[in-house]
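> my questions concern the predicted model and sequence given below.
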Number of protein chains: 2
Amino acid sequence: MAREAGVSRGTVSRVLNGGHNVSPTALAAVNAAIRRTGYVVNRHARSLITGRSDSVGFLLTEPQERFFEDPNFSVLLRGCTQALAAHDIPLLLMIAGNEAERRRITRYITGGHVDGVLLVSSHSGNPMAERLAKAQIPVVACGEPLGLGGQIAYVGADERGGARAMVRHLAAGGRRRIATITGPLDTPGGVQRLAGYREELAAAGLPADEALIAESDYSRAGGEAAMTALLRRAPDLDAVFVASDLMAQGALVALEHAGRSVPHDVAVGGFDDSPAALATRPPLTTIRQPFDRISTEMVRLLLARIAGDDPSAVILPTELVRRESS
Amino acid sequence: MAREAGVSRGTVSRVLNGGHNVSPTALAAVNAAIRRTGYVVNRHARSLITGRSDSVGFLLTEPQERFFEDPNFSVLLRGCTQALAAHDIPLLLMIAGNEAERRRITRYITGGHVDGVLLVSSHSGNPMAERLAKAQIPVVACGEPLGLGGQIAYVGADERGGARAMVRHLAAGGRRRIATITGPLDTPGGVQRLAGYREELAAAGLPADEALIAESDYSRAGGEAAMTALLRRAPDLDAVFVASDLMAQGALVALEHAGRSVPHDVAVGGFDDSPAALATRPPLTTIRQPFDRISTEMVRLLLARIAGDDPSAVILPTELVRRESS
DNA sequence: CTGAAAGCGCTTACAG
DNA sequence: CTGAAAGCGCTTACAG
């Protein structure tokens, strides 16, 4: 290659790395030679020197069923792959469903095989975020990692605001006994969406009633079970804000079994605007999470972290999407 | 490391690469030192020598909506990640939704960044398989790549047999006007499942009727549209075999709009046994594709290809799963 | 602005 | 079975 362009290997390398301190003549010669020969740098040789891998990990720490079932993960994964591809950075997919895998993957990551990791998991109790932060690995989480304030960069949606918007919408439709099915209360989404529900109920002058609140697990089956429990505890409910579309799918099944028509008897609101929201009968009114922008921002923050920036947080707005379920 | 174990770097390397030609004493010393220091080989240095990257690509060549919508991809992706993790091989996710991306990724792959690729795409008309094969990249496809017979290893399910089993099941339920919604007829799944439908209809002594056949695109919306068209063309149909669960989800919507009850008026059978099959009302009777085994086999074949084996094909059995839609 | 040289951390013949 | 040595293809001070 150097011979092909009639310059030294050092000059070729300088061209490849930004073209600083290179004369226009040399630059042109090298670029021409690159074009002519289809030369591609050997990433391994480069990484051996620089100590960087020029790749990042997408780490999913969820039990395997969740990944199968919840379309949100695919959406996020695809968005991040795209955003990284624009920088010509490959994404390594890592799935840590249990402690053995978490150990193996931690070893792998701290071994320097990736420059940073995009961490996706609904549960914030999981130990990966902390371990990686301790090992000085640049990490950007999806959603605020509870209890690790400030140590880890993250991108989140305005969960609380979204929840309030949904409850406001249900109340505006004349509903007075508005129930909620929450996500796990050890997850930021679970906590924030419930907080928004409570706030808006108060703002609307509706009484708080713990019988109208059921905690669930973001799964379809969990949503169905929670809805069944709510109907037993509070048969007079006339609306329900379900903290994920997938759980809402389950809730609709329970409502159908109970002979309640949607939205006539019970108005239903979901959260996410995932593909699941279009798969239900009736289609779900829901809160749209801007997954495209979330992925883009996660990648931007991670690249900045890798370049040495301090951790920062980005909160993106959510939006009410009206369909037929309420 | 060599010093730590009191042997030469050559000996350490030999231990790391299988421990051949190493005395038990040296082996023990090296292993102890590894344990003690938490030593991890530098993959880049190793790759620089061996010319291999010790990683493989998972290449998805689908327009982006499909990946969002179709749970089969996630299932496959997860299975392959797991299977590779067992060999400590990272998976690079690559998504080529358009020609520009295909070009970039082809360059990337032929640049030696991965040792082989797992190719997933329903359409066989796409040019990646051929390009990669030409560039001598080990490839294993999911489903038989049409028109590339023998050049490319692949793993598939017994699509035709599955289709036959479903039609047999519908006929056994007393249905006589059995329609079908096919996948795209430039995909192996589209072709094979339709062939199975035709064969079994003939075997059951039921007349063939082209009005009962509608081609679609594996999407939910496509399934809905196709079902609507079928109901118009053949209002007397009493069953429909839909070539994917996602399309069946759409078909159920169309049937509901048309006021046909399932399974009473129309029996519905899907294909895949994807998570979508459990999300419908009623749950779908479907043909189970053994995605777990498919991923495992794809990985096995790819590793064998990389090791120098000739391309081979594996066909896995499918199975009827009875639920409530027929 | 540019070239010669050192060195990144491994693997692999080659002697012994 | 083992060590010394060469070399993989880059990048990066260092002189000039």
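Cool, got the structure. Note that the coordinates shown come from a computational prediction; the quantities given were computed from them, not determined experimentally.
> identify the residues contacting A:Pro290.
Listed by C-beta atoms under 8 Å, 6 or more residues apart in numbering or on different chains, the contact set of A:Pro290 reads A:157, A:316-319. Just so you know, the C-beta spots here come from the backbone N, C-alpha and C atoms, and that holds for glycine as well.
> hang on, I meant A:Met227
So A:Met227 contacts A:181, A:214, A:240, A:242, A:250-251, A:253-255 (C-beta under 8 Å, 6+ apart).
> again, 10 Å this time
A:179, A:181, A:214, A:216, A:237, A:240, A:242, A:247-248, A:250-255, A:257-258, A:260, A:266, A:268 (C-beta atoms under 10 Å, 6 or more residues apart in numbering or on different chains).
> so which of these are in helices?
A:247-248, A:250-255, A:257 (DSSP state H).
> give me the buried entries from those residues.
A:247-248, A:250-255 (16 or more other C-beta atoms under 10 Å in any protein chain shown).
> identify the farthest-apart pair in these.
With C-beta to C-beta as the measure, no two of those lie farther apart than A:Met247 and A:Leu255, at 12.5 Å.
> shared neighbours, those two?
Common neighbours of A:Met247 and A:Leu255 are listed as A:224, A:227 (criterion: C-beta under 10 Å, 6+ apart).
> follow-up on the earlier one: for the ones in helices among the contacts of A:Met227, which one is nearest DNA strand C?
A:Met247 (47.6 Å; C-beta to the nearest atom of the strand).
> distance of that closest one relative to DNA strand D?
49 Å (C-beta to the nearest atom of the strand, to the nearest Å).
> go on, A:Met298?
Applying C-beta to the nearest atom of the strand to A:Met298 and DNA strand D gives a distance of 26 Å.
> surely that residue forms part of a strand?
No - counting by DSSP: H, G, I helix; E, B strand; the rest coil, one finds A:Met298 to be helix, located in no strand.
> contacts only, for it.
Residues counted as contacts of A:Met298 (C-beta under 10 Å, 6+ apart) are A:58, A:76, A:79-80, A:83-84, A:118-120, A:140-142, A:153-155, A:314.
> now, which of the residues you listed lie within strands?
Among these, the members found in strands (DSSP state E) are A:58, A:118-120, A:140-142, A:153-155, A:314.
> mind putting those into CSV with distance to B:Glu324, neighbour count and pLDDT?
Formatted as CSV, the ones in strands among the contacts of A:Met298 follow (distance: C-beta to C-beta, whole Å; neighbours: other C-beta atoms under 10 Å in any protein chain shown; pLDDT from 0 to 100):
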residue, distance to B:Glu324, neighbour count, pLDDT
A:Phe58, 37, 23, 94
A:Leu118, 40, 28, 96
A:Leu119, 40, 28, 93
A:Val120, 34, 22, 90
A:Val140, 44, 29, 95
A:Ala141, 41, 28, 93
A:Cys142, 36, 25, 91
A:Ala153, 47, 25, 93
A:Tyr154, 43, 23, 94
A:Val155, 41, 26, 95
A:Val314, 45, 17, 96
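> just give me the closest of these to chain B.
The nearest member of the ones in strands among the contacts of A:Met298 to chain B, counting by C-beta to the nearest C-beta, is A:Phe58 at 7.5 Å.
> mind saving the C-alpha coords of whatever helix or strand A:Arg160 lives in as PDB?
Assigned by DSSP states H and E, A:Arg160 belongs to helix A:159-172. Taking Å, rounded to 0.1, in the frame of the first residue of the first chain, the C-alpha atoms of helix A:159-172 are listed here in PDB:
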ATOM      1  CA  GLU A 159     -42.500   8.400  31.800                       C
ATOM      2  CA  ARG A 160     -44.200  10.400  34.400                       C
ATOM      3  CA  GLY A 161     -45.500  13.000  32.000                       C
ATOM      4  CA  GLY A 162     -46.700  10.300  29.700                       C
ATOM      5  CA  ALA A 163     -48.600   8.600  32.500                       C
ATOM      6  CA  ARG A 164     -50.200  11.900  33.400                       C
ATOM      7  CA  ALA A 165     -51.200  12.500  29.900                       C
ATOM      8  CA  MET A 166     -52.900   9.200  29.700                       C
ATOM      9  CA  VAL A 167     -54.800   9.500  32.900                       C
ATOM     10  CA  ARG A 168     -55.800  13.100  31.900                       C
ATOM     11  CA  HIS A 169     -57.200  11.700  28.700                       C
ATOM     12  CA  LEU A 170     -59.200   9.000  30.500                       C
ATOM     13  CA  ALA A 171     -60.600  11.500  32.900                       C
ATOM     14  CA  ALA A 172     -61.500  13.800  30.100                       C
END
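> how deep is the residue in the stretch 101-250 of chain A that DNA strand D sits nearest to tucked in, by neighbour count?
Nearest residue of the stretch 101-250 of chain A to DNA strand D, counting by C-beta to the nearest atom of the strand: A:Asp115, 13.9 Å away. Per other C-beta atoms under 10 Å in any protein chain shown, the neighbour tally for A:Asp115 reads 23.
> where does it sit: helix, strand or coil?
coil.
> and A:Val7, by the same measure?
Per three-state DSSP, A:Val7 ends up coil.
> let me see the ranges of the helices in chain A.
Counting by DSSP H, the helices of chain A are A:2-5, A:9-16, A:24-37, A:43-50, A:64-69, A:71-85, A:99-108, A:128-134, A:159-172, A:188-203, A:220-233, A:245-257, A:276-279, A:291-306.
> so the fourth one versus helix B:43-50, what angle?
Relative orientation of helix A:43-50 with respect to helix B:43-50: 140 degrees, computed using axes from the mean of the first three to the mean of the last three C-alpha atoms, to 10 degrees.
> buried ones in helix A:43-50, by neighbour count?
In helix A:43-50, counting by 16+ other C-beta under 10 Å, buried: A:43-44, A:46-48.
> ok so, going back, and the contacts of A:Pro290, which of them are buried?
A:157, A:316, A:318.
> tell me the domain boundaries of chain A?
A:2-41, A:56-158+A:291-317, A:159-288 (automatic domain parsing).
> A:Val321 contacts A:Ser274, doesn't it?
No - A:Val321 lies out of contact with A:Ser274 (C-beta atoms under 10 Å); the separation is 11.1 Å.
> who has more neighbours out of those two?
Taking other C-beta under 10 Å, A:Val321 and A:Ser274 do not tie; A:Ser274 has more neighbours (26 against 17).
> and the more buried one, what does it touch?
A:70-75, A:244-246, A:248-249, A:284, A:286, A:288-289, A:291, B:68.
> do A:Ala195 as well
A:159-160, A:163-164, A:182.
> residues contacting A:Arg232?
So A:Arg232 contacts A:211, A:258 (C-beta under 10 Å, 6+ apart).
> okay, it: pLDDT?
On the pLDDT scale, A:Arg232 is placed at 97.
> which one of the residues in the stretch 51-200 of chain A is closest to DNA strand C?
A:Gly51 (7.6 Å).
> ok, that residue to B:Arg3 distance?
22 Å (C-beta to C-beta, to the nearest Å).
> how about A:Leu119?
A:Leu119 is 37 Å from B:Arg3, by C-beta to C-beta.
> one step back: what do A:Val321 and A:Ser274 both touch?
With C-beta under 10 Å, 6+ apart as the test, A:Val321 and A:Ser274 both reach A:284, A:286, A:288.
> out of those, which are close to chain B?
Near chain B, judged by C-beta under 10 Å from any C-beta of the partner chain, there are no entries from these.
> now, which of the residues you listed sits nearest A:Arg35?
A:Arg288 (44.7 Å).
> pLDDT score for the closest residue to that closest one other than its chain neighbours?
Closest residue in space to A:Arg288, ignoring its immediate chain neighbours: A:Asp273 at 3.8 Å, by C-beta to C-beta, 6 or more residues apart in numbering or on different chains. We have a pLDDT of 94 for A:Asp273.
> thanks again, I'm all set now.
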